[in-house]
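**Student:** dropping the sequence and predicted coords here.
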Amino acid sequence: MESKDTDIQQKDKKCCKDPEQDSTKNFTTEKMFKDYLSKVEPNSEAYIEGLYEYANWLWQHKRYKTSEYYCRQIIACRPDHFKAHNRLGTNLKAMKDYEQAEKHYLLAIAHSNHQWTIAYNNLGNLYSINLEHMEEAKDCYERALQLDPNYLGAHVFMCHFFFFFYFQKKKKMGLFENAKNHYKKAIEINPNDSSIYFNLASLLDDMNESNLALSHCRKLLSLDPKHAGGFHSYAIISHQNGNLKVAEKCFFRSLEFDNNSSLTHHNYALLLMETLQIDDALYHLNFSIDIAAHLEKDFHAVRFLQDYKRFLCQAHPVMHFCNVSCLFPFLMPTIL
């Protein structure tokens, strides 16, 4: 193992040979990269690493095709540049070319002597897209955790993995406990990551541990007071517990921070129906339909919501059956 670690360290040094290159990591504009690349010798180590940082910058700005082009330039000069293979894989995954993304993640792993945690993590992310490849994803994340027991992303995925199989395998408690253990480890690694508390609260709510779920929602909102999903989760759990006033307040706060969530408008409408605020319920239900149709493009959800609205209108004749698109002119300003 020591020889492999030495090899990977030497490759890392080769990839970052020129100390001057550290400055490119702080570049914030495309012009800065281009000016730098114009001043260094083409195909030198400094040039290759500057090009790699430029490809990273492009990927961060979602310019996947351009980033792909420069990654391929790097690989043409340095076929064993494992970081370029990894970045190329992320670009291809973003463009839904999953087969080629897998190929370059595997090359990144191979050229790093199977010692690079990030490549295993990214390959796991790719496999996890398809439920049929969840076992392969799990293997990748386990390998990532062998290399770095404190790798946060792998712990979070393992939570999802065990939770997924918890439901698939008739809710065996051992799987649920495994999920909780990985979440606890994730919190130990980064106690200020609000997304971990959000996911753990959802997990605990599904396990009917509502009080514990609410405590994690409170922790989440203490870290991020404008987390729309956190307020939505708090509202759902409070609604389930019969605390309708708190639920209504939390739904309102969730929509204050994200007014374009079809699910939140729909769940708020359910609460308003229960409290006999019929007109407001219909308003939010229509809003939910419009968002699903025009923003989320989720036409399955649109059909479900339309059917549900018809049911409500039949159950409550006083409700007026509004056109599905009647609210969209009012929605448009929130989109812009």
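**Tutor:** Cool, got the structure.

**Student:** tell me who's in contact with A144.
**Tutor:** 117, 120-121, 124, 151, 153-154 (C-beta atoms under 8 Å, 6 or more residues apart in numbering). Where you see a C-beta, it was placed from the backbone N, CA and C, and this is true even at glycine.

**Student:** do you know the pLDDT at it?
**Tutor:** We note a pLDDT of 86 for A144 in this prediction.

**Student:** separation between it and R78?
**Tutor:** Distance, A144 to R78, using C-beta to C-beta, to the nearest Å: 24 Å.

**Student:** helix or strand for the spatially most central residue of the chain, which one?
**Tutor:** In the chain, the C-alpha nearest the mean C-alpha coordinate belongs to S195, at 9.3 Å (C-alpha atoms, centre = their mean). Per DSSP states H and E: S195 is located in helix 194-206.

**Student:** next helix or strand past that helix?
**Tutor:** helix 210-223.

**Student:** got the CA positions of that next one in PDB?
**Tutor:** Output of helix 210-223 as PDB, limited to C-alpha atoms (Å, rounded to 0.1, in the frame of the first residue of the first chain):
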ATOM      1  CA  SER A 210     -41.300  12.700  14.200                       C
ATOM      2  CA  ASN A 211     -40.000  14.400  17.400                       C
ATOM      3  CA  LEU A 212     -36.400  13.500  16.400                       C
ATOM      4  CA  ALA A 213     -37.100  14.600  12.800                       C
ATOM      5  CA  LEU A 214     -38.400  18.000  14.100                       C
ATOM      6  CA  SER A 215     -35.200  18.500  16.200                       C
ATOM      7  CA  HIS A 216     -33.100  18.000  13.100                       C
ATOM      8  CA  CYS A 217     -35.300  20.400  11.200                       C
ATOM      9  CA  ARG A 218     -34.700  23.000  13.900                       C
ATOM     10  CA  LYS A 219     -31.000  22.400  13.700                       C
ATOM     11  CA  LEU A 220     -31.200  22.800   9.900                       C
ATOM     12  CA  LEU A 221     -33.100  26.100  10.200                       C
ATOM     13  CA  SER A 222     -30.700  27.400  12.800                       C
ATOM     14  CA  LEU A 223     -27.900  26.900  10.300                       C
END
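
**Student:** give the buried residues for it.
**Tutor:** Of all the residues in helix 210-223, those buried under the rule 16 or more other C-beta atoms under 10 Å are 210, 212-214, 216-217, 219-221, 223.

**Student:** other SSEs contacting that helix?
**Tutor:** helix 194-206, helix 228-240 (3 or more C-beta pairs under 8 Å, 6 or more residues apart in numbering; DSSP states H and E).

**Student:** next, the angle helix 210-223 makes with the last one.
**Tutor:** Between helix 228-240 and helix 210-223, the angle formed by their directions is 150 degrees, by axes from the mean of the first three to the mean of the last three C-alpha atoms, to 10 degrees.

**Student:** go on, the first one?
**Tutor:** Inter-element angle recorded for helix 194-206 and helix 210-223: 160 degrees (by the same axes, to 10 degrees).

**Student:** from the chain's centroid, how far away is helix 194-206?
**Tutor:** The gap between the average C-alpha position of helix 194-206 and the chain average comes to 14 Å, counting by C-alpha atoms, centre = their mean, to the nearest Å.

**Student:** same check on the last one?
**Tutor:** Here the centre of helix 228-240 is set off from its chain's centre by 19 Å, with C-alpha atoms, centre = their mean.

**Student:** what are the contacting residues of that helix?
**Tutor:** Residues contacting helix 228-240 (C-beta under 8 Å, 6+ apart): 194, 197-198, 201-202, 205, 210, 213-214, 217-218, 220-221, 224, 244, 246-251, 253-255, 257-258, 261, 263-264, 267-268, 270-271.

**Student:** please spell out the ChimeraX selection for the buried subset of those.
**Tutor:** Applied in ChimeraX, the following selects the buried portion of the contacts of helix 228-240 according to 16+ other C-beta under 10 Å:
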select :194,197,198,201,202,205,210,213,214,217,220,221,224,246,247,248,250,251,253,254,255,257,261,263,264,267,268,270,271
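
**Student:** thinking again about what came up before, ok, so of the contacts of A144, who is nearest L107?
**Tutor:** Y120 (13.0 Å; C-beta to C-beta).

**Student:** could you say which helix or strand holds the closest one?
**Tutor:** Using DSSP H and E, Y120 sits in helix 117-127.

**Student:** and the contacts of that helix?
**Tutor:** Outside helix 117-127, the residues touching it (C-beta under 8 Å, 6+ apart) are 82, 85-86, 89-90, 93, 98, 101-102, 105-106, 108-109, 112, 133-134, 136-141, 143-144, 147-148, 151, 153-154, 157.
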